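> Have a look; sequence and predicted model below, questions after that.
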Amino acid sequence: MNLSQTILNVEFSNPTVLASGIWGITASSWRRVAENGAGGVTTKSLWLKAHKGHPNPTVISNEHWTLNAVGLPDAGIEKAREEISDFMKDHPIPLIANIVAGSVEDFVKTAEEVVKLNPDFLEVNISCPNVEDEFGKPFACSELDAARVTKEVKAVSGSIPIFIKLSPQALNIGAVASACAEAGADGFTAINTVGPGMAIDLRSRKPILANKVGGLSGPGLKPISVRCIADVYRATDGKLPIIGTGGVHSGEDALELMLAGASLIGIGTAVSDRGESIFKKVCDEMDAWCEAEGVKEIGEMIGAVEY
Amino acid sequence: MVWLPGVDEIPVSVALDDGKQIKITVCAVGDMTKEMAKCKEGDLIGLRGPFGTQYEWEKGQKLALLAGGYGSAPMYFVANEAIKDDCKVDVFVGARSKDHLLYLEELGSLEGVTLHVATDDGSEGFKGFNVQQLTELIGEGKKFDQFFACGPEGMLKAVSGLSSEHQIPSQLSLERYMKCGYGLCGNCTVDPLGIRLCIDGPVVHNDVCVKITEFGKYHRDDVGRKVEF
């Protein structure tokens, strides 16, 4: 079956994309993701200036969930320029540039710089749960804050579509999505990690993560991401594309997120469980399921949940 | 990965694992290792792993092990295990000076292991690099099936060159900044292959090493910035 779609004039050979925060620090890693069959790739969060992440331990994991407080390390805009320019030379798959900042002003400055590099989409990370000590509650928790960032970034993003990365911590994620849509969002990424959560080592009686708390991802996240995607899809009448992210390990997981309303599927944590070839595996599984069930167009699945 | 609660967690190679004890060797140079050096018997440390790749050999092979500085620790483990598989092992331990030589006694006590020592300043053994000693031995007609190396990147690069020149396979332990240890954070990715060395390394076969263009030139720091060697 043909898994390709054109979303906001950008062609994706299949719905899988590498989620932000995983692996993607360099042009060579984005190319490796493309070689492994992903339809698109998202950069790790890009800052205007160098930003140190948290000390180790930054990740702890079991078969149910992963907690991370990597803390968005990045070398700043110079490195983004070097790596994105390098990748755009051959541009094997669409590139989604994820940006982050601590203030609306810095979101605008970062967006202005990154837009010049001509990524396919701009993803605006207003929802990281593990830098709260530094920056307070994520903007995505408030309709007003989220809409303000959206409006200001949209004003400088030119022809590059902006996707707002939403948080499951928002009291009403649908309302946040509506507010962002009114402020000019072209699409959404739903969702960022949940929490923050905490894990304690019994013998030392200390939190395992150096940051004490971290965002929760992995298989246990999927029911929450499915509900959030469905809320966002309904709140925006299915008019804006959604990159559904959260707990996807298999093709069937991906299809479930599509039924809720996702057009593209972010894969992150599962890269460590199923290896770098997960993108191809998920596509093969989606293909096999659709073949068996008589689904002819992948687009038929988007938002097709029956309530 | 070795964790000192409240301090840090760092990647460390294993110097011995006999099923009863696990031995690691660190140099007290950073915040974490200085705190580790203060630990007393009975203090808690956390361990995760092992992660990534390891050295591989076949029964009865002739192996040249090159250890630079603290690379002696994992090479002691390799030598220990390889002789159980009837391998003939030549270990070339190199360091800046006599005071920095490690595991000489332990390596010297292993049956089936021939020990070669080199120091940059000549304070013990051969004056120069351990790779020079290996080059000389090969020149004299000594045969090896494989080279294994762990140490500074300059030494690894020299071993890689020797390996390509004589068409003798080698496995080299590449050190890159590692955070999570299981392929999520991406900090240890190398150019231009995009592979993560916590998964596809740290021990990398030379046929892959020669495709890593940053090998011997630069690595990336904790924020992903290129830093030249």
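On my side now, so go ahead. Numbers count the residues shown, from 1 in each chain, chains lettered A, B, ... in the order given.

> Minimum distance to chain B, which residue of chain A gives it?
A:R32 (2.9 Å; C-beta to the nearest C-beta). Quick note: C-beta positions are derived from backbone N, CA and C, even for glycine.

> Quick check: phi and psi at that residue.
With angles defined as degrees, to the nearest 10, A:R32 sits at phi -60, psi -40.

> is it true that it touches A:F279?
No: in this structure, A:R32 is not within contact of A:F279 by C-beta atoms under 8 Å, at 10.6 Å.

> re earlier: how far away is the residue of chain A closest to chain B from B:D200?
10 Å (C-beta to C-beta, to the nearest Å).

> how about the helices in chain B?
B:31-37, B:72-82, B:104-108, B:130-139, B:153-166, B:206-209 (DSSP state H).

> correction: chain A
Going by DSSP H, chain A shows helices at A:27-35, A:77-90, A:104-115, A:132-135, A:143-154, A:173-182, A:222-235, A:251-260, A:270-274, A:278-293.

> Tell me which of those sits nearest to B:G154.
Between B:G154 and the helices of chain A, the tightest spacing by C-beta to C-beta is seen for helix A:27-35, at 22.7 Å.

> distance of the closest residue to B:P152 other than its chain neighbours from B:V12?
Counting by C-beta to C-beta, 6 or more residues apart in numbering or on different chains, B:G68 is the residue found nearest to B:P152 once chain neighbours are left out, at 5.1 Å. B:G68 sits at a distance of 16 Å from B:V12 (criterion: C-beta to C-beta).

> Compare the two (neighbour count), which wins?
The residue with more neighbours, out of B:G68 and B:V12, is B:G68; 27 against 19, by other C-beta atoms under 10 Å in any protein chain shown.

> Get me the contact residues on the stretch 51-200 of chain A for chain B.
A:51-53, A:55-59, A:61, A:66, A:68, A:70, A:73-76, A:79 (C-beta under 8 Å from any C-beta of the partner chain).

> Just these: which are in strands?
Among these, the members found in strands (DSSP state E) are A:V59, A:S61, A:T66, A:N68.

> Most widely separated two among the residues you listed?
A:S61 and A:N68 (8.5 Å).

> Compare those two and say which is more crowded by neighbours.
Neighbour count, other C-beta under 10 Å: between A:S61 and A:N68, A:N68 has more, with 32 against 20.

> Quickly note the distance from A:G299 to A:T43.
Distance from A:G299 to A:T43, by C-beta to C-beta: 27 Å.

> the more surrounded of the two?
Ranked by neighbour count (other C-beta under 10 Å), A:G299 and A:T43 place A:T43 first, with 27 against 16.

> mind checking how far the more buried one is from A:Q5?
From A:T43 over to A:Q5 (counting by C-beta to C-beta), the distance is 21 Å.

> give me the low-pLDDT residue ranges for the chain?
If you meant another chain, say so; for now it's chain A. Across chain A, nothing is flagged by pLDDT under 70.

> nope, chain B
Ranges of chain B meeting pLDDT under 70: none found.

> picking that back up, dump the helices of chain A to a markdown table, plus mean neighbour count.
Putting those into a markdown table (neighbours: other C-beta atoms under 10 Å in any protein chain shown) gives the following:
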| stretch | mean neighbour count |
| --- | --- |
| helix A:27-35 | 23 |
| helix A:77-90 | 17 |
| helix A:104-115 | 19 |
| helix A:132-135 | 12 |
| helix A:143-154 | 20 |
| helix A:173-182 | 22 |
| helix A:222-235 | 22 |
| helix A:251-260 | 23 |
| helix A:270-274 | 20 |
| helix A:278-293 | 18 |
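
> Output those helices as a markdown table; include the columns distance to A:L216.
Shown next, in a markdown table, are the helices of chain A (distance: least, C-beta to C-beta, whole Å):
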| stretch | distance to A:L216 |
| --- | --- |
| helix A:27-35 | 23 |
| helix A:77-90 | 28 |
| helix A:104-115 | 25 |
| helix A:132-135 | 14 |
| helix A:143-154 | 21 |
| helix A:173-182 | 16 |
| helix A:222-235 | 9 |
| helix A:251-260 | 16 |
| helix A:270-274 | 14 |
| helix A:278-293 | 20 |
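
> Nearest to chain A: which residue in chain B?
Counting by C-beta to the nearest C-beta, chain B gets nearest chain A through B:G194, at 2.9 Å.
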